[in-house]
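>>> 3D, please:
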Amino acid sequence: MLEILILAAGKGTRMRSDLPKVLHRLAGKFLLGHVVDTAHALGADQICVVYGFGGEAVPQALADDRLTFVLQAEQHGTGHAVKQALPRLSDDGVALVLYGDVPLTHAGTLRPLVAAARAGKLGLLTVDLGHPDGYGRIVRDADGRVRRIVEHKDATPAERAIHEVNTGILAVPTHHLRRWIGELKNDNAQGEYYLTDVIAMAVRDGLVVETHQPAHEWEVLGVNSKAQLAELERIHQGEVARTLLDAGVTLMDPARLDVRGTLTCGRDVVIDVNCVFEGRVELGEGVQVGANCVLRNVTVAAGTRIDAFTLIDDAAIGEANRLGPFSRIRPGTTLARDVHVGNFVEIKNSQIDDGSKINHLSYVGDTSMGSRVNIGAGTITCNYDGANKHRTVIEDDVFVGSDTQLVAPITVGKGATLGAGTTLTRDAPAGELTLSRPKQVTVTGWKRPVKQKKES
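As a prediction, the model looks like this:
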């Protein structure tokens, strides 16, 4: 049995925020959420989150019946935090201790620790740092075996010269952990119960301490300030960009990409600078995304081109579409094949069929639009009466002239033409020209008012 403890009770004073530190976001996800995902990837039988600062904000934010939450009302160190969770753990398994503010540790880095614990050892994750100030040092004997960990504030000058440091991440048979936690003392410079003291206890009891190191130093970096959060954000986005490049995606500038969820790309996808992808986004083969676009929970089929400054949210975009620049596609929208949506066009909760075009300055909401429809500039579907939404139906081969308002509920029949400037309040018959305009009048002799001079 593998039981994972995630210590997430800290306030994070240097974050200068009322939000619990572990609820700050990296790549669009809570810091703690990244650690929980890693725990699931390891196949944990139980995930126990020890929370404290912020009250119920942490369990409410990560409402998940696969998680067990334990309150650490007062924070007296990492050993004290683990002690709060011990009653929830079984003695016949191993416990892996992770941290809610260390979000980028790979599951593959942790598996050797779990394997060591299952073999009756203590698995410890360490890292060599060029500047180890502030970290607990790994003290080894002449044969290279780990003997103990000494915190920086308690270390001698010789011990401070050690560059191998403790990450705090360890795995151990749970029955050993239970016994050692009961022996912890707080007679140290911080007056806290250090989880790291169990290393010396393991050595005392004859357990082998087996150390492993991550492939990258940033896997064990924690977040204690907004600056550190920003640093890890760029590291993470850099890793995402490298993965996309390796998969054949063309990124015009890998340093100017933000993926805040999952991005799946087909062959020959091209992404320009400053694009943001949120939630689950899928781009089909040959899709081109212009600069400064935002796509959120979107599927885009092959051959579609999305020009600059386009926002697409919770929509399905078909093949060979042309969107933008400056288009907004809102939730509930489905675009079929070869649809053109141009500059300053907004579409919401609508279905647009093959070959239809809405190229300029229009709003289409709650609409079912057929194939080969042409919508002129400045067209508005008036779908809201102040209390309820109504549906507009535009059948195949309709031509809508510029500056037209369609007051729903309404149907425009197949092949109909609506003259420019029409306000349509009744159904338009198929194949006919419908228009509503006041009679054009010229007032002879009318003079434009002249601005009067102000008296001095």
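
>>> in stretch 380-396, what's buried?
380-383, 391-396 (16 or more other CB atoms under 10 Å). C-beta coordinates here come from the backbone N, C-alpha and C atoms, glycine included.

>>> meant to ask about stretch 81-100
Taking 16+ other CB under 10 Å as the neighbour-count basis, stretch 81-100 is seen to contain the buried residues 81-86, 89, 93-100.

>>> How about exporting it as CSV, limited to the C-alpha atoms?
What follows is stretch 81-100, C-alpha atoms only, in CSV (Å, rounded to 0.1, in the frame of the first residue of the first chain):
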residue,chain,number,x,y,z
ALA,A,81,2.5,18.1,10.4
VAL,A,82,3.2,14.4,9.7
LYS,A,83,2.1,13.5,13.2
GLN,A,84,-1.4,15.0,12.5
ALA,A,85,-1.9,12.5,9.6
LEU,A,86,-0.5,9.4,11.3
PRO,A,87,-3.8,8.2,12.7
ARG,A,88,-5.1,8.0,9.1
LEU,A,89,-2.3,5.8,7.9
SER,A,90,-1.9,2.0,7.8
ASP,A,91,1.1,0.2,9.2
ASP,A,92,1.3,-2.3,6.4
GLY,A,93,2.4,0.1,3.7
VAL,A,94,4.8,2.8,2.9
ALA,A,95,4.5,6.6,3.3
LEU,A,96,5.8,9.1,0.8
VAL,A,97,6.0,12.7,2.1
LEU,A,98,5.6,15.5,-0.5
TYR,A,99,5.0,19.3,-0.2
GLY,A,100,2.2,21.3,-1.5
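
>>> so how far is it from its chain's centroid?
Computed by CA atoms, centre = their mean, to the nearest Å, the chain-centroid distance of stretch 81-100 equals 28 Å.

>>> Grab the longest helix from this protein for me.
If you go by DSSP state H, the chain has its longest helix at helix 226-246.

>>> which is the next helix or strand following it?
Once the chain leaves helix 226-246, the next helix or strand it forms, by DSSP states H and E, is strand 250-251.

>>> Contacts only, for residue 326.
In this structure, residue 326 makes contact with 308-310, 343-344, judged by CB atoms under 8 Å, 6 or more residues apart in numbering.

>>> hmm, try it at 6 Å
Contacts for residue 326 (CB atoms under 6 Å, 6 or more residues apart in numbering) come out as 309, 343-344.

>>> Dihedrals phi and psi, the residue nearest to residue 140 when sequence neighbours are not counted?
For residue 140, the nearest residue in space outside its immediate sequence neighbours is residue 146; the separation is 5.6 Å by CB to CB, 6 or more residues apart in numbering. Main-chain dihedrals, residue 146, degrees, to the nearest 10: phi -70, psi 130.

>>> on that earlier part again, please identify which pair of the buried residues of stretch 380-396 lies farthest apart.
The largest separation in the buried residues of stretch 380-396, counting by CB to CB, is between 382 and 396 at 22.1 Å.

>>> one step back: can I get the longest helix of the chain in PDB, CA atoms only?
The C-alpha coordinates for helix 226-246 follow below in PDB (Å, rounded to 0.1, in the frame of the first residue of the first chain):
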ATOM      1  CA  LYS A 226       5.700  35.700  -6.100                       C
ATOM      2  CA  ALA A 227       9.200  36.000  -7.600                       C
ATOM      3  CA  GLN A 228       9.800  32.300  -7.100                       C
ATOM      4  CA  LEU A 229       6.300  31.500  -8.400                       C
ATOM      5  CA  ALA A 230       7.100  33.500 -11.600                       C
ATOM      6  CA  GLU A 231      10.400  31.700 -12.000                       C
ATOM      7  CA  LEU A 232       8.800  28.300 -11.800                       C
ATOM      8  CA  GLU A 233       6.100  29.400 -14.200                       C
ATOM      9  CA  ARG A 234       8.700  30.100 -16.900                       C
ATOM     10  CA  ILE A 235      10.600  26.900 -16.100                       C
ATOM     11  CA  HIS A 236       7.400  24.900 -16.500                       C
ATOM     12  CA  GLN A 237       6.300  26.700 -19.700                       C
ATOM     13  CA  GLY A 238       9.800  26.200 -21.100                       C
ATOM     14  CA  GLU A 239       9.400  22.400 -20.500                       C
ATOM     15  CA  VAL A 240       6.000  22.500 -22.200                       C
ATOM     16  CA  ALA A 241       7.500  24.300 -25.200                       C
ATOM     17  CA  ARG A 242      10.300  21.800 -25.500                       C
ATOM     18  CA  THR A 243       7.800  19.000 -25.500                       C
ATOM     19  CA  LEU A 244       5.800  20.600 -28.300                       C
ATOM     20  CA  LEU A 245       8.900  21.400 -30.300                       C
ATOM     21  CA  ASP A 246      10.000  17.800 -30.000                       C
END
